[in-house]
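*Asks:* below are the sequence and a predicted model; questions follow.
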Amino acid sequence: MSETGTTAPGAGEEHQLRRSLGFRDLVVYGLLFIAPMAPVGVFGTLDAKSHGAVALVYVVATIAMAFTAFSYAQMVRVVPQAGSVFAYARVGLGNGAGFIAGWMAMLDYVLIPAVAYLFSGIAMEALVPEVSRWVWTAIAVIVTTLLNLWGVRAAARVGFLVLAMEIVVLVVFVVAAIVVLARDGAARDWLSPLSGDGTQGAFALSAVVGAVSVAVLSYLGFDAIATFAEEVTGGSAKVARALLFCLALAGVLFVAQTYLVALLEPVSSAQLAAEPERQGSAFYDAVDASVGTWLHDLVAVSKAIGAAFAALAGQAAAGRLLFAMGRDRRLPGVLSRTDAGVPRVAILVSAVITMAAAVWAARRDDGLDHLVSVVDVGALTAFTLLHASVVGWFVVRRRGDAPVNWWKHLVVPVLGAAITIAVIVEASGSAQVVGAIWLAVGLAVLAAQARGRRAAGM
(Lines give C-alpha, C1' and ligand atoms only; values in the text may rest on other atoms or scores of the structure.)
Protein backbone atom coordinates (compact mmCIF):
# COMPACT_ATOMS: atom_id res chain seq x y z
CA MET A 1 0.00 0.00 0.00
CA SER A 2 1.20 3.51 -0.76
CA GLU A 3 0.76 6.41 1.59
CA THR A 4 -2.07 7.67 -0.59
CA GLY A 5 -4.00 4.70 0.61
CA THR A 6 -3.95 2.86 -2.70
CA THR A 7 -1.86 0.07 -4.04
CA ALA A 8 0.40 0.91 -6.96
CA PRO A 9 -1.27 -0.11 -10.23
CA GLY A 10 -0.41 -3.63 -11.29
CA ALA A 11 1.56 -4.22 -8.11
CA GLY A 12 1.48 -7.99 -8.22
CA GLU A 13 4.61 -9.90 -7.25
CA GLU A 14 5.96 -9.86 -10.80
CA HIS A 15 5.53 -6.07 -10.89
CA GLN A 16 7.21 -5.30 -7.56
CA LEU A 17 10.70 -4.02 -6.83
CA ARG A 18 12.95 -5.39 -4.13
CA ARG A 19 13.54 -3.21 -1.05
CA SER A 20 17.28 -3.21 -0.42
CA LEU A 21 18.53 0.41 -0.43
CA GLY A 22 19.57 2.46 2.57
CA PHE A 23 20.17 6.18 3.06
CA ARG A 24 23.80 5.95 1.92
CA ASP A 25 22.81 4.12 -1.26
CA LEU A 26 20.34 6.87 -2.15
CA VAL A 27 22.94 9.59 -1.64
CA VAL A 28 25.44 7.60 -3.72
CA TYR A 29 23.00 7.40 -6.64
CA GLY A 30 22.17 11.09 -6.38
CA LEU A 31 25.79 12.25 -6.22
CA LEU A 32 26.84 9.84 -8.96
CA PHE A 33 24.22 11.26 -11.29
CA ILE A 34 25.13 14.87 -10.44
CA ALA A 35 28.92 14.20 -10.29
CA PRO A 36 30.89 15.92 -7.47
CA MET A 37 32.99 17.89 -9.97
CA ALA A 38 30.17 18.82 -12.34
CA PRO A 39 31.30 22.51 -12.48
CA VAL A 40 34.56 21.55 -14.22
CA GLY A 41 33.04 21.69 -17.70
CA VAL A 42 31.00 24.87 -17.23
CA PHE A 43 33.31 26.90 -14.95
CA GLY A 44 34.64 29.10 -17.76
CA THR A 45 31.17 29.82 -19.13
CA LEU A 46 29.82 30.73 -15.70
CA ASP A 47 32.86 32.83 -14.85
CA ALA A 48 32.42 34.87 -18.03
CA LYS A 49 28.66 35.23 -17.65
CA SER A 50 28.76 36.23 -13.96
CA HIS A 51 31.66 38.72 -14.36
CA GLY A 52 33.79 36.53 -12.10
CA ALA A 53 31.25 35.87 -9.31
CA VAL A 54 31.09 32.16 -10.09
CA ALA A 55 30.97 30.93 -6.47
CA LEU A 56 28.03 33.25 -5.79
CA VAL A 57 26.29 31.77 -8.82
CA TYR A 58 26.41 28.33 -7.21
CA VAL A 59 25.19 29.69 -3.86
CA VAL A 60 22.14 31.17 -5.61
CA ALA A 61 21.66 28.06 -7.79
CA THR A 62 21.68 25.79 -4.72
CA ILE A 63 19.01 27.93 -3.08
CA ALA A 64 16.99 27.96 -6.31
CA MET A 65 17.10 24.16 -6.63
CA ALA A 66 16.22 23.78 -2.95
CA PHE A 67 12.65 24.74 -3.85
CA THR A 68 12.46 21.76 -6.21
CA ALA A 69 14.06 19.43 -3.66
CA PHE A 70 11.54 20.58 -1.06
CA SER A 71 8.61 19.85 -3.38
CA TYR A 72 10.04 16.39 -4.07
CA ALA A 73 10.30 15.81 -0.32
CA GLN A 74 6.62 16.74 0.10
CA MET A 75 5.37 14.43 -2.65
CA VAL A 76 7.57 11.42 -1.98
CA ARG A 77 5.90 11.12 1.43
CA VAL A 78 2.49 11.14 -0.27
CA VAL A 79 3.36 8.79 -3.15
CA PRO A 80 6.33 6.55 -2.25
CA GLN A 81 6.37 4.87 -5.65
CA ALA A 82 8.82 4.38 -8.48
CA GLY A 83 8.43 6.87 -11.29
CA SER A 84 8.78 9.95 -9.06
CA VAL A 85 7.37 12.98 -10.89
CA PHE A 86 5.13 10.79 -13.06
CA ALA A 87 3.49 9.34 -9.96
CA TYR A 88 3.32 12.72 -8.18
CA ALA A 89 1.68 14.59 -11.05
CA ARG A 90 -0.74 11.70 -11.55
CA VAL A 91 -2.17 11.99 -8.03
CA GLY A 92 -1.81 15.77 -7.72
CA LEU A 93 -3.01 16.87 -11.16
CA GLY A 94 -4.61 13.86 -12.81
CA ASN A 95 -3.64 10.99 -15.08
CA GLY A 96 -3.09 13.15 -18.17
CA ALA A 97 -0.72 15.54 -16.40
CA GLY A 98 1.05 12.56 -14.84
CA PHE A 99 1.71 11.07 -18.26
CA ILE A 100 3.05 14.37 -19.61
CA ALA A 101 5.31 14.80 -16.55
CA GLY A 102 6.71 11.31 -17.04
CA TRP A 103 6.99 11.82 -20.78
CA MET A 104 9.01 15.05 -20.36
CA ALA A 105 11.17 13.53 -17.61
CA MET A 106 11.90 10.62 -19.96
CA LEU A 107 13.65 13.01 -22.36
CA ASP A 108 15.96 14.02 -19.52
CA TYR A 109 16.56 10.57 -18.05
CA VAL A 110 17.34 8.99 -21.43
CA LEU A 111 19.56 11.74 -22.85
CA ILE A 112 21.55 12.80 -19.77
CA PRO A 113 23.08 9.28 -19.55
CA ALA A 114 23.83 9.52 -23.30
CA VAL A 115 25.74 12.76 -22.69
CA ALA A 116 27.62 11.19 -19.79
CA TYR A 117 28.53 8.11 -21.83
CA LEU A 118 29.79 10.37 -24.60
CA PHE A 119 31.92 12.35 -22.12
CA SER A 120 33.44 9.05 -21.01
CA GLY A 121 34.09 7.98 -24.60
CA ILE A 122 35.77 11.30 -25.44
CA ALA A 123 38.00 11.10 -22.36
CA MET A 124 39.00 7.50 -23.09
CA GLU A 125 39.77 8.32 -26.72
CA ALA A 126 42.13 11.04 -25.48
CA LEU A 127 43.94 8.42 -23.36
CA VAL A 128 43.84 5.65 -26.00
CA PRO A 129 43.46 7.41 -29.38
CA GLU A 130 43.86 4.15 -31.33
CA VAL A 131 40.28 3.24 -30.32
CA SER A 132 37.44 5.40 -31.63
CA ARG A 133 35.31 7.29 -29.14
CA TRP A 134 32.13 5.52 -30.25
CA VAL A 135 33.65 2.16 -29.32
CA TRP A 136 34.57 3.43 -25.84
CA THR A 137 31.08 4.91 -25.54
CA ALA A 138 29.45 1.59 -26.41
CA ILE A 139 31.70 -0.28 -23.96
CA ALA A 140 30.70 2.12 -21.17
CA VAL A 141 27.01 1.51 -21.93
CA ILE A 142 27.44 -2.26 -21.89
CA VAL A 143 29.44 -2.38 -18.63
CA THR A 144 27.07 -0.14 -16.68
CA THR A 145 23.98 -1.85 -18.10
CA LEU A 146 25.27 -5.20 -16.86
CA LEU A 147 25.73 -3.70 -13.40
CA ASN A 148 22.18 -2.33 -13.42
CA LEU A 149 20.81 -5.69 -14.56
CA TRP A 150 22.69 -7.33 -11.70
CA GLY A 151 20.58 -5.33 -9.27
CA VAL A 152 20.23 -1.93 -7.67
CA ARG A 153 22.14 -2.94 -4.54
CA ALA A 154 25.13 -4.33 -6.46
CA ALA A 155 25.25 -1.26 -8.69
CA ALA A 156 25.11 0.98 -5.62
CA ARG A 157 28.11 -0.82 -4.07
CA VAL A 158 30.25 -0.38 -7.18
CA GLY A 159 28.97 3.17 -7.53
CA PHE A 160 30.05 3.93 -3.98
CA LEU A 161 33.64 2.97 -4.83
CA VAL A 162 33.59 5.24 -7.91
CA LEU A 163 32.05 8.08 -5.92
CA ALA A 164 34.71 7.64 -3.23
CA MET A 165 37.38 7.94 -5.95
CA GLU A 166 35.79 11.16 -7.24
CA ILE A 167 35.63 12.61 -3.72
CA VAL A 168 39.30 11.74 -3.13
CA VAL A 169 40.29 13.52 -6.34
CA LEU A 170 38.22 16.54 -5.29
CA VAL A 171 39.93 16.56 -1.88
CA VAL A 172 43.34 16.37 -3.59
CA PHE A 173 42.38 19.35 -5.72
CA VAL A 174 41.18 21.33 -2.68
CA VAL A 175 44.35 20.62 -0.70
CA ALA A 176 46.63 21.39 -3.65
CA ALA A 177 44.75 24.64 -4.33
CA ILE A 178 45.02 25.74 -0.68
CA VAL A 179 48.75 24.98 -0.66
CA VAL A 180 49.32 27.03 -3.81
CA LEU A 181 47.20 29.92 -2.50
CA ALA A 182 49.06 29.92 0.83
CA ARG A 183 52.43 29.82 -0.93
CA ASP A 184 51.90 32.10 -3.92
CA GLY A 185 48.76 34.05 -3.13
CA ALA A 186 45.63 34.44 -5.24
CA ALA A 187 45.57 35.51 -8.87
CA ARG A 188 42.35 37.42 -8.18
CA ASP A 189 40.98 39.29 -5.16
CA TRP A 190 39.97 36.93 -2.35
CA LEU A 191 36.33 38.06 -2.42
CA SER A 192 36.04 38.17 -6.21
CA PRO A 193 34.38 34.71 -6.55
CA LEU A 194 31.50 36.18 -4.51
CA SER A 195 31.52 39.78 -5.74
CA GLY A 196 33.02 39.68 -9.26
CA ASP A 197 36.53 40.44 -10.47
CA GLY A 198 35.68 43.96 -11.65
CA THR A 199 37.04 43.48 -15.18
CA GLN A 200 33.58 43.81 -16.76
CA GLY A 201 32.45 46.76 -14.67
CA ALA A 202 30.71 46.92 -11.30
CA PHE A 203 28.93 43.95 -9.75
CA ALA A 204 25.78 43.16 -11.74
CA LEU A 205 23.02 41.07 -10.18
CA SER A 206 21.54 40.48 -13.64
CA ALA A 207 24.79 38.82 -14.74
CA VAL A 208 24.68 36.45 -11.76
CA VAL A 209 21.02 35.58 -12.41
CA GLY A 210 21.81 34.91 -16.06
CA ALA A 211 24.60 32.54 -15.07
CA VAL A 212 22.33 30.76 -12.57
CA SER A 213 20.16 29.62 -15.49
CA VAL A 214 23.17 27.62 -16.68
CA ALA A 215 24.44 26.54 -13.25
CA VAL A 216 21.20 24.85 -12.19
CA LEU A 217 21.85 22.30 -14.93
CA SER A 218 24.78 21.01 -12.84
CA TYR A 219 22.24 19.74 -10.30
CA LEU A 220 20.08 17.74 -12.69
CA GLY A 221 20.07 14.18 -11.43
CA PHE A 222 19.60 14.62 -7.69
CA ASP A 223 15.90 14.01 -8.33
CA ALA A 224 16.74 10.48 -9.51
CA ILE A 225 16.78 9.54 -5.81
CA ALA A 226 12.99 9.72 -5.78
CA THR A 227 12.69 7.03 -8.48
CA PHE A 228 13.98 4.44 -5.97
CA ALA A 229 11.18 5.04 -3.44
CA GLU A 230 9.89 1.46 -3.75
CA GLU A 231 13.35 -0.02 -3.18
CA VAL A 232 14.18 1.74 0.10
CA THR A 233 14.11 0.12 3.51
CA GLY A 234 12.70 2.33 6.24
CA GLY A 235 10.02 4.37 4.49
CA SER A 236 9.68 7.40 2.30
CA ALA A 237 10.98 9.84 4.95
CA LYS A 238 14.43 8.44 4.23
CA VAL A 239 14.06 9.34 0.54
CA ALA A 240 13.04 12.89 1.44
CA ARG A 241 16.07 13.30 3.73
CA ALA A 242 18.38 11.91 1.06
CA LEU A 243 17.04 14.35 -1.54
CA LEU A 244 17.66 17.38 0.66
CA PHE A 245 21.02 16.11 1.94
CA CYS A 246 22.29 15.31 -1.56
CA LEU A 247 21.40 18.76 -2.87
CA ALA A 248 22.98 20.52 0.14
CA LEU A 249 26.18 18.45 -0.12
CA ALA A 250 26.44 19.06 -3.87
CA GLY A 251 25.99 22.78 -3.26
CA VAL A 252 28.84 22.85 -0.72
CA LEU A 253 31.14 20.92 -3.07
CA PHE A 254 30.29 23.14 -6.05
CA VAL A 255 30.78 26.41 -4.14
CA ALA A 256 34.07 25.26 -2.60
CA GLN A 257 35.71 24.11 -5.84
CA THR A 258 34.56 27.08 -7.93
CA TYR A 259 35.70 29.53 -5.22
CA LEU A 260 39.18 27.99 -5.17
CA VAL A 261 39.64 27.65 -8.92
CA ALA A 262 38.42 31.22 -9.44
CA LEU A 263 41.22 32.42 -7.12
CA LEU A 264 43.71 30.39 -9.17
CA GLU A 265 42.37 31.57 -12.55
CA PRO A 266 45.01 33.79 -14.20
CA VAL A 267 42.63 34.82 -16.99
CA SER A 268 40.04 37.49 -16.20
CA SER A 269 36.33 37.00 -16.72
CA ALA A 270 36.46 39.73 -19.38
CA GLN A 271 39.06 37.75 -21.34
CA LEU A 272 36.96 34.58 -21.09
CA ALA A 273 33.91 36.50 -22.29
CA ALA A 274 35.88 37.90 -25.24
CA GLU A 275 37.38 34.50 -26.14
CA PRO A 276 34.60 31.91 -25.68
CA GLU A 277 36.78 29.15 -27.13
CA ARG A 278 38.78 29.26 -23.88
CA GLN A 279 35.78 28.76 -21.62
CA GLY A 280 35.45 24.99 -21.94
CA SER A 281 39.00 24.30 -20.71
CA ALA A 282 39.21 27.19 -18.23
CA PHE A 283 39.12 24.94 -15.15
CA TYR A 284 41.85 22.67 -16.48
CA ASP A 285 43.94 25.62 -17.67
CA ALA A 286 43.81 27.23 -14.22
CA VAL A 287 44.86 23.96 -12.57
CA ASP A 288 47.66 23.50 -15.12
CA ALA A 289 49.03 27.00 -14.62
CA SER A 290 48.90 26.99 -10.81
CA VAL A 291 49.31 23.40 -9.62
CA GLY A 292 50.65 21.32 -12.49
CA THR A 293 49.77 18.91 -15.29
CA TRP A 294 49.63 15.93 -12.89
CA LEU A 295 46.49 17.30 -11.23
CA HIS A 296 45.01 18.15 -14.63
CA ASP A 297 45.45 14.51 -15.71
CA LEU A 298 44.09 13.17 -12.40
CA VAL A 299 40.95 15.29 -12.70
CA ALA A 300 40.52 14.24 -16.34
CA VAL A 301 40.74 10.49 -15.53
CA SER A 302 38.32 10.95 -12.63
CA LYS A 303 35.87 12.71 -14.92
CA ALA A 304 36.14 9.90 -17.50
CA ILE A 305 35.28 7.19 -14.98
CA GLY A 306 32.81 9.33 -13.10
CA ALA A 307 30.87 10.16 -16.28
CA ALA A 308 30.24 6.49 -17.02
CA PHE A 309 28.89 5.92 -13.53
CA ALA A 310 26.81 9.09 -13.65
CA ALA A 311 25.24 7.43 -16.67
CA LEU A 312 24.75 4.23 -14.62
CA ALA A 313 22.67 6.16 -12.08
CA GLY A 314 20.75 7.90 -14.85
CA GLN A 315 20.05 4.64 -16.65
CA ALA A 316 18.78 3.09 -13.42
CA ALA A 317 16.46 6.06 -12.87
CA ALA A 318 15.21 5.88 -16.46
CA GLY A 319 14.46 2.19 -15.99
CA ARG A 320 12.35 2.93 -12.91
CA LEU A 321 10.44 5.65 -14.77
CA LEU A 322 9.65 3.32 -17.69
CA PHE A 323 8.73 0.58 -15.19
CA ALA A 324 6.25 2.86 -13.39
CA MET A 325 4.67 4.14 -16.62
CA GLY A 326 4.35 0.58 -17.92
CA ARG A 327 2.74 -0.57 -14.67
CA ASP A 328 0.20 2.24 -14.97
CA ARG A 329 -0.53 1.16 -18.59
CA ARG A 330 0.77 4.47 -19.94
CA LEU A 331 3.52 2.59 -21.79
CA PRO A 332 3.57 -1.08 -22.87
CA GLY A 333 2.87 -3.29 -19.86
CA VAL A 334 5.92 -5.49 -20.53
CA LEU A 335 8.07 -2.66 -19.14
CA SER A 336 6.62 -3.31 -15.69
CA ARG A 337 7.84 -6.91 -15.52
CA THR A 338 10.48 -7.61 -12.89
CA ASP A 339 12.92 -10.45 -12.43
CA ALA A 340 13.99 -11.09 -8.83
CA GLY A 341 12.81 -7.57 -8.03
CA VAL A 342 14.85 -5.94 -10.84
CA PRO A 343 13.01 -4.17 -13.74
CA ARG A 344 15.30 -5.74 -16.32
CA VAL A 345 13.05 -5.19 -19.35
CA ALA A 346 12.73 -1.47 -18.61
CA ILE A 347 16.48 -1.18 -18.00
CA LEU A 348 17.28 -2.91 -21.30
CA VAL A 349 14.89 -0.68 -23.25
CA SER A 350 16.42 2.39 -21.61
CA ALA A 351 19.93 1.10 -22.40
CA VAL A 352 19.11 0.49 -26.08
CA ILE A 353 17.69 4.00 -26.53
CA THR A 354 20.56 5.59 -24.66
CA MET A 355 23.19 3.62 -26.60
CA ALA A 356 21.62 4.60 -29.92
CA ALA A 357 21.71 8.29 -28.95
CA ALA A 358 25.21 8.14 -27.45
CA VAL A 359 26.84 6.19 -30.31
CA TRP A 360 25.11 8.40 -32.90
CA ALA A 361 26.50 11.49 -31.18
CA ALA A 362 29.95 9.89 -30.75
CA ARG A 363 30.22 9.36 -34.50
CA ARG A 364 29.52 13.05 -35.25
CA ASP A 365 31.80 16.01 -34.63
CA ASP A 366 28.84 18.09 -33.46
CA GLY A 367 27.11 15.25 -31.62
CA LEU A 368 27.85 16.53 -28.13
CA ASP A 369 26.44 19.96 -28.90
CA HIS A 370 23.23 18.40 -30.22
CA LEU A 371 22.73 16.25 -27.13
CA VAL A 372 23.60 18.89 -24.55
CA SER A 373 21.24 21.41 -26.11
CA VAL A 374 18.14 19.28 -25.51
CA VAL A 375 18.64 17.44 -22.21
CA ASP A 376 17.50 20.24 -19.92
CA VAL A 377 14.03 21.29 -21.07
CA GLY A 378 12.48 17.90 -20.29
CA ALA A 379 13.65 17.90 -16.67
CA LEU A 380 12.69 21.53 -16.07
CA THR A 381 9.19 20.97 -17.50
CA ALA A 382 8.78 17.94 -15.25
CA PHE A 383 9.98 20.00 -12.26
CA THR A 384 7.34 22.64 -13.06
CA LEU A 385 4.62 19.96 -13.05
CA LEU A 386 6.07 18.62 -9.79
CA HIS A 387 5.55 22.00 -8.12
CA ALA A 388 2.04 22.17 -9.58
CA SER A 389 1.29 18.71 -8.16
CA VAL A 390 2.13 19.90 -4.63
CA VAL A 391 -0.42 22.70 -4.99
CA GLY A 392 -2.89 20.33 -6.64
CA TRP A 393 -2.69 17.68 -3.94
CA PHE A 394 -2.50 19.77 -0.78
CA VAL A 395 -4.33 23.00 -1.71
CA VAL A 396 -6.77 22.31 -4.57
CA ARG A 397 -7.76 18.74 -3.77
CA ARG A 398 -6.98 19.16 -0.04
CA ARG A 399 -5.96 15.51 0.29
CA GLY A 400 -4.26 14.11 3.34
CA ASP A 401 -5.04 14.37 7.04
CA ALA A 402 -2.88 17.38 7.88
CA PRO A 403 -4.21 20.93 7.35
CA VAL A 404 -2.83 23.00 4.48
CA ASN A 405 0.50 24.63 5.28
CA TRP A 406 0.38 27.65 2.99
CA TRP A 407 4.13 28.16 3.10
CA LYS A 408 5.09 24.58 2.25
CA HIS A 409 2.17 23.76 -0.01
CA LEU A 410 1.69 27.01 -1.94
CA VAL A 411 4.44 29.62 -1.55
CA VAL A 412 7.42 27.28 -1.97
CA PRO A 413 6.06 25.34 -4.99
CA VAL A 414 4.88 28.54 -6.73
CA LEU A 415 8.34 30.11 -6.30
CA GLY A 416 9.93 26.85 -7.43
CA ALA A 417 7.77 26.76 -10.57
CA ALA A 418 8.65 30.38 -11.31
CA ILE A 419 12.35 29.50 -11.14
CA THR A 420 12.08 26.47 -13.44
CA ILE A 421 9.95 28.39 -15.95
CA ALA A 422 12.50 31.23 -15.94
CA VAL A 423 15.30 28.74 -16.69
CA ILE A 424 13.28 27.24 -19.57
CA VAL A 425 12.82 30.73 -21.01
CA GLU A 426 16.61 31.27 -20.80
CA ALA A 427 17.36 27.94 -22.54
CA SER A 428 18.70 27.86 -26.08
CA GLY A 429 16.28 28.11 -28.98
CA SER A 430 17.16 24.62 -30.24
CA ALA A 431 16.46 23.13 -26.80
CA GLN A 432 13.09 24.87 -26.67
CA VAL A 433 12.19 23.60 -30.14
CA VAL A 434 13.12 19.99 -29.33
CA GLY A 435 11.27 20.25 -26.01
CA ALA A 436 8.18 21.59 -27.77
CA ILE A 437 8.29 18.80 -30.36
CA TRP A 438 8.69 16.15 -27.65
CA LEU A 439 5.77 17.69 -25.74
CA ALA A 440 3.62 17.69 -28.90
CA VAL A 441 4.38 14.00 -29.49
CA GLY A 442 3.49 13.26 -25.87
CA LEU A 443 0.17 15.08 -26.20
CA ALA A 444 -0.57 13.12 -29.37
CA VAL A 445 0.18 9.82 -27.59
CA LEU A 446 -2.02 10.90 -24.68
CA ALA A 447 -4.88 11.75 -27.05
CA ALA A 448 -4.52 8.38 -28.81
CA GLN A 449 -4.60 6.58 -25.46
CA ALA A 450 -7.73 8.49 -24.44
CA ARG A 451 -9.47 7.51 -27.70
CA GLY A 452 -8.45 3.90 -27.20
CA ARG A 453 -9.82 3.85 -23.66
CA ARG A 454 -13.12 5.39 -24.77
CA ALA A 455 -13.42 2.86 -27.59
CA ALA A 456 -12.82 0.05 -25.10
CA GLY A 457 -15.42 1.52 -22.75
CA MET A 458 -12.91 2.09 -19.97
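*Replies:* Right, received. Where do you want to start?

*Asks:* poorly predicted segments of the chain, please.
*Replies:* Within the chain, the ranges that satisfy pLDDT under 70 run 1-20, 82-83, 126, 365-370, 372-375, 399-402, 428, 456-458.

*Asks:* name the single longest helix found in it.
*Replies:* Longest among the helix segments of the chain by residue count, using DSSP state H, is helix 293-327.

*Asks:* in it, which residues are buried?
*Replies:* With burial defined by 16 or more other CB atoms under 10 Å, the residues of helix 293-327 counted as buried are 295-296, 298-327. Yep, even glycine has a C-beta here, placed from its N, CA and C like the rest.

*Asks:* which outside residues touch the helix or strand following it?
*Replies:* Moving toward the C-terminus from helix 293-327, the next helix or strand (DSSP states H and E) is helix 344-362. The contact list for helix 344-362 (CB atoms under 8 Å, 6 or more residues apart in numbering) reads 109-111, 113-115, 117-118, 121-122, 132-134, 137-138, 141, 145, 148-149, 311, 315-316, 318-320, 322-323, 326, 334-338, 367-368, 370-371.

*Asks:* filter these to the buried ones?
*Replies:* With burial judged by 16+ other CB under 10 Å, the buried subset of the contacts of helix 344-362 is 109-111, 113-115, 117-118, 121-122, 133-134, 137-138, 141, 145, 148-149, 311, 315-316, 318-320, 322-323, 326, 335-338, 367-368, 371.

*Asks:* list the buried residues for stretch 180-188?
*Replies:* Residues 180, 181, 186, 187, 188 are the ones in stretch 180-188 that count as buried (16+ other CB under 10 Å).

*Asks:* in a markdown table, list those residues along with secondary structure and distance to residue 157.
*Replies:* Compiled in a markdown table, the buried residues of stretch 180-188 are given as follows (DSSP: H, G, I helix; E, B strand; the rest coil; distance: CB to CB, whole Å):
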| residue | secondary structure | distance to residue 157 |
| --- | --- | --- |
| 180 | helix | 36 |
| 181 | helix | 37 |
| 186 | coil | 40 |
| 187 | coil | 41 |
| 188 | coil | 42 |
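
*Asks:* hmm, which two among those are most spread apart?
*Replies:* For those, the farthest-apart pair by CB to CB is 180 and 188; their separation is 13.3 Å.

*Asks:* wait, residue 393 sits on residue 77?
*Replies:* No - checked against CB atoms under 8 Å, the pair residue 393 and residue 77 is beyond contact range at 10.7 Å.

*Asks:* looking at the two, which is more packed in?
*Replies:* residue 393 (23 against 16; other CB atoms under 10 Å).

*Asks:* in contact with the closest residue to that one other than its chain neighbours, which residues?
*Replies:* Excluding its sequence neighbours, the residue lying closest to residue 393 (CB to CB, 6 or more residues apart in numbering) is residue 92, at 3.9 Å. Residue 92 is in contact with 75, 388, 389, 390, 391, 392, 393, 397, counting by CB under 8 Å, 6+ apart.

*Asks:* now with 10 Å?
*Replies:* Residue 92 is in contact with 74-75, 78-79, 85, 98, 101, 385-397, 399, 413, counting by CB atoms under 10 Å, 6 or more residues apart in numbering.

*Asks:* equivalent analysis for residue 165, please.
*Replies:* With CB under 10 Å, 6+ apart, residue 165 has these contacts: 301, 302, 305, 306, 309.

*Asks:* what subset of the contacts of residue 92 is buried?
*Replies:* Looks like the contacts of residue 92 have 74-75, 78-79, 85, 98, 101, 385-395, 413 buried, using 16+ other CB under 10 Å.

*Asks:* pull up the gap between the closest residue in space to residue 184 that isn't next to it in sequence and residue 190, please.
*Replies:* Closest residue in space to residue 184, ignoring its immediate chain neighbours: residue 290 at 7.5 Å, by CB to CB, 6+ apart. Using CB to CB, to the nearest Å, one gets 15 Å for the distance from residue 290 to residue 190.

*Asks:* more neighbours: these two, which one.
*Replies:* residue 290 (21 against 12).

*Asks:* so what's that one up against?
*Replies:* Applying CB under 10 Å, 6+ apart, the residues near residue 290 are 176-177, 180-181, 184, 186-187, 260-261, 263-266.

*Asks:* would you mind giving those residues as CSV with distance to residue 216 added?
*Replies:* Listed next are those as CSV, based on distance: CB to CB, whole Å:
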residue, distance to residue 216
176, 28
177, 25
180, 30
181, 28
184, 33
186, 27
187, 27
260, 21
261, 19
263, 24
264, 24
265, 22
266, 28
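
*Asks:* give me the neighbour count for the closest residue to residue 256 other than its chain neighbours.
*Replies:* The spatially closest residue to residue 256, leaving aside those adjacent along the chain, is residue 174, at 6.6 Å (CB to CB, 6+ apart). Neighbours of residue 174 under the rule other CB under 10 Å: 14.

*Asks:* now do the SS call for residue 404.
*Replies:* Under the three-state scheme (DSSP: H, G, I helix; E, B strand; the rest coil), residue 404 adopts coil.

*Asks:* circling back: find residues that contact each of residue 180 and residue 188.
*Replies:* The contact lists of residue 180 and residue 188 share 263, 264, where a contact means CB under 10 Å, 6+ apart.

*Asks:* what packs against the helix or strand containing residue 454?
*Replies:* Using DSSP H and E, residue 454 maps to helix 429-455. Helix 429-455 sits against helix 95-127, helix 367-372, helix 375-391, helix 412-426, with contacts defined as 3 or more CB pairs under 10 Å, 6 or more residues apart in numbering; DSSP states H and E.

*Asks:* now residue 98: how far from residue 328?
*Replies:* 8 Å.

*Asks:* thought residue 427 was touching residue 217?
*Replies:* Yes - at 9.3 Å, residue 427 counts as touching residue 217 under the criterion of CB atoms under 10 Å.

*Asks:* show me whatever sits in contact with both of those two.
*Replies:* The contact lists of residue 427 and residue 217 share 376, 380, where a contact means CB under 10 Å, 6+ apart.

*Asks:* give me the helices and strands touching the longest helix of the chain, please.
*Replies:* Helix 293-327 sits against helix 23-34, helix 85-93, helix 95-127, helix 133-150, helix 152-184, helix 282-290, helix 344-362, with contacts defined as 3+ CB pairs under 10 Å, 6+ apart.

*Asks:* that one to helix 375-391, inter-axis angle?
*Replies:* Orientation of helix 293-327 against helix 375-391 (axes from the mean of the first three to the mean of the last three CA atoms, to 10 degrees) gives an angle of 50 degrees.

*Asks:* a markdown table for the helices and strands packed on helix 293-327, including distance to residue 67?
*Replies:* Output for the helices and strands packed on helix 293-327, formatted as a markdown table (distance: least, CB to CB, whole Å):
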| stretch | distance to residue 67 |
| --- | --- |
| helix 23-34 | 17 |
| helix 85-93 | 14 |
| helix 95-127 | 17 |
| helix 133-150 | 30 |
| helix 152-184 | 26 |
| helix 282-290 | 28 |
| helix 344-362 | 28 |
